[in-house]
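*Asks:* Dropping a prediction and its sequence here:
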Amino acid sequence: MARIFSGIQPTGIATLGNYLGALRNWVALQQGDDECVYCLVDLHAITTFQEPAALREQTRQMAALLLACGIDTERSILFHQSAVSAHARLAWIFNCVARMGWLKRMTQFKDKAGKHQEEVSTGLFTYPNLMAADIHAYHATRVPVGDDQLQHIELANDIAEKFNHDFGVAFFPRIEPLVLKESARVMSLRDGTKKMSKSDPSDMSRINMTDTADVIAQKIRKAKTDPEPLPEHVHDLDARPEARNLVGIYAAITGHKVSEVLHRFAGSGFGPFKEALAEALIAHIEPIGNRTREYLKDPTALDRILQEGARKAEAIAEPIVAEAERLVGF
Ligand code: ADP
Ligand code: NA
């Protein structure tokens with residue numbers, strides 16, 4: 001049995017990108033033999049300022065959404081990161097293991113900080129060290145991620161290797177990223193070159209997992225496209241990022257290959273294709289939104305679920321991080 005770790009920031013409502021790139025996979029992984037540890041990463045969330053009351057509320061919302069997607073607390077551990085101090089303690093040790101040059105190469109930091117590298121929090125810069133700690137605190141070896149996170153997994157492996165080397169032990173294992181093939185990355189509905197994100201300022205750029213049927217239909221109708229009909233061959237989508245994204249989403253949500261989708265819609269304009277896409281999305285997402293709203297009616301029960309999850313998480317992480325601290329000389 002291996003252990004799986006994955007996390008999501010409670011900074012807004014999960015999007016279709018989070019769902020197809022991560023959450024759907026999290027649910028499927030519960031059926032396997034591995035132990036699944038799923039974390040609402042509120043320590044990561046505060047690398048950019050979060051309104052305190054909103055952060056607490058969004059943590060509950062994300063818990064409700066994960067339960068609505070099918071995370072089963074009988075099979076998986078579901079908790080929020082700040083409830084288990086082992087994450088922050090191991091992250092500090094990793095801050096002292098990772099090298100400045102390694103972090104400076106992280107493309108996600110460059111994307112997020114943009115021209116403001118001098119003004120962003122130091123936490124945003126060391127974010128990948130905390131992510132490495134999240135995983136290594138559980139000796140997790142399998143990590144489902146979107147392909148945007150692959151560089152962070154490599155860094156987590158570099159940190160583990162240097163820790164093991166510096167302290168002369170084989171303590172932290174290698175991590176294997178698990179990336180979904182079809183539509184691992186969902187792009188913005190307004191710009192096919194940017195990833196769909198819950199932190200994008202434009203709500204029209206994304207499908208939220210709690211959007212109603214009307215809103216989903218409207219967002220797909222207004223999604224950016226080009227004037228050409230859908231092509232016959234997959235490679236003809238290469239220079240058409242918006243078309244490729246919508247076809248990819250349709251393939252992922254219906255469980256078909258991109259080539260099969262094109263076989264059905266080749267020569268068609270976006271009108272009928274978008275109608276079919278909206279219908280498929282609504283059938284999939286609307287029930288998840290409804291279940292999320294049901295869970296949110298009982299915030300006390302959600303808090304209790306997260307606390308129970310935190311106790312189970314702590315039982316695994318505490319002895320591992322205590323041993324790391326001993327190895328360091330504490
Ligand atoms: P966001 O960027 O929406 O704030 P997070 O950083 O919390 O999302 O990421 C949570 C998980 O969702 C990660 O595994 C990440 O790879 C995945 N993910 C986020 N956005 C997308 C996307 N547009 N397409 C595919 N996967 C995504
Ligand atoms: Na992100």
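*Replies:* Nice, I can see it. Numbering: from 1, shown residues only. Ligands and ions are numbered 1, 2, ... in the order given.

*Asks:* close to ligand 1, is stretch 63-79?
*Replies:* No. Against ligand 1, stretch 63-79 shows no contacts by Cβ under 6 Å from any ligand atom, the least distance being 11.3 Å. To be clear about C-beta, it is placed using only N, CA and C from the backbone, and glycine gets the same treatment.

*Asks:* top helix in this protein by residue count?
*Replies:* Counting residues, the longest helix in the chain under DSSP state H turns out to be helix 299-328.

*Asks:* for that one, packing partners?
*Replies:* Contact analysis of helix 299-328 by 3 or more Cβ pairs under 8 Å, 6 or more residues apart in numbering; DSSP states H and E lists strand 35-40, helix 52-69, strand 76-80, helix 86-95, helix 150-167, helix 270-296 as its packing neighbours.

*Asks:* For stretch 23-33, which residues meet the burial criterion?
*Replies:* The neighbour-count check on stretch 23-33 (16 or more other Cβ atoms under 10 Å) flags 23-27, 29-30 as buried.

*Asks:* Can you list which of those residues are found in strands?
*Replies:* With DSSP state E as the criterion, strands contain none of those.

*Asks:* Throw these into a markdown table and include distance to ligand 1, thanks.
*Replies:* Formatted as a markdown table, the buried residues of stretch 23-33 follow (distance: Cβ to the nearest ligand atom, whole Å):
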| residue | distance to ligand 1 |
| --- | --- |
| 23 | 7 |
| 24 | 10 |
| 25 | 9 |
| 26 | 9 |
| 27 | 13 |
| 29 | 13 |
| 30 | 16 |
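
*Asks:* Tell me the one among these nearest to residue 231.
*Replies:* When those are ranked by distance to residue 231 (Cβ to Cβ), residue 24 comes first, at 27.1 Å.

*Asks:* Identify the residues contacting that closest one.
*Replies:* Residue 24 makes contacts with residue 69, as judged by Cβ atoms under 8 Å, 6 or more residues apart in numbering.

*Asks:* what's the closest non-adjacent residue to the residue of the stretch 51-200 of the chain found nearest ligand 1?
*Replies:* Ligand 1 sits closest to residue 146 of the stretch 51-200 of the chain, with a gap of 2.4 Å, by Cβ to the nearest ligand atom. Spatial nearest neighbour of residue 146, excluding adjacent residues (Cβ to Cβ, 6 or more residues apart in numbering): residue 21 at 3.8 Å.

*Asks:* If anything else comes up later, I'll come back, but that's it for now.
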